[in-house]
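Q: Mind looking at a prediction? Sequence and model below.
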Amino acid sequence: MAISSNRVKQPRLALAIARALLVAFLATLLSFAISLLLAIVGITIYARVHGAAPDMTFAYRHIAAPIATIVGAIVLVLSAALEIRHYRHSKALASIEKVS
């Protein structure tokens, strides 16, 4: 026989914000790594075709960093919106459960 608890767990806004920041940070790192890999491959191919020395700093400064910044900002806004919506939904359900 299961023991039922009358205690209702309230959702926490700080945890929702922390999850949104964590997701945005991980997405930024992933997008930076992928865009840097593709930029290095592209710059290397371009340098071989034109017979010049590849400038890898261009891959960091002008390709990977701006892409990661844009992706990070978009993911931060979207994940914050989703986490706030989930927080409000959980808060409403907790108050309904508390009343009943």
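A: Now that the structure is in, tell me what you want to look at. Residues are numbered from 1 along each chain as shown.
Q: Can you list the low-confidence ranges for the protein?
A: By pLDDT under 70, the low-scoring segments of the chain are 1-8.
Q: Now for residue 75: which residues touch it?
A: When contacts are counted by CB atoms under 8 Å, 6 or more residues apart in numbering, residue 75 touches 23-24, 27-28. For glycine as for every other residue, the C-beta is placed from the backbone atoms N, C-alpha and C.
Q: I'd like the distance between it and residue 67.
A: Applying CB to CB, to the nearest Å, the value for residue 75 to residue 67 is 12 Å.
Q: In which helix or strand does the residue most central in space within the chain reside?
A: Closest to where the C-alpha atoms of the chain average out (CA atoms, centre = their mean) is residue 24, at 2.2 Å. Taking DSSP states H and E as the criterion, residue 24 maps to helix 13-50.
Q: C-terminal to that helix, what's the next element?
A: Next element after helix 13-50 (DSSP H and E): helix 56-58.
Q: Need the residues that contact that next one.
A: 39-40, 43.
Q: one more time with 7 Å, if that's ok
A: Helix 56-58 is contacted by residues 40, 43 when judged by CB atoms under 7 Å, 6 or more residues apart in numbering.
Q: now swap in stretch 12-23 and tell me
A: Stretch 12-23 is contacted by residues 75-76, 79-80, 83-84, 86-87 when judged by CB under 7 Å, 6+ apart.
Q: Just the buried ones from those residues, in PyMOL syntax?
A: For the buried members of these, the matching PyMOL selection, counting by 16 or more other CB atoms under 10 Å, is:
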select buried, resi 75+76+79+80+83+87
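Q: quick check, nearest of the contacts of stretch 12-23 to residue 53?
A: residue 75 (35.0 Å; CB to CB).
Q: For residue 14, see how far away the closest one is.
A: From residue 75 to residue 14 the distance is 20 Å (CB to CB).
Q: Please apply the same query to residue 40.
A: Counting by CB to CB, the gap from residue 40 to residue 14 is 39 Å.
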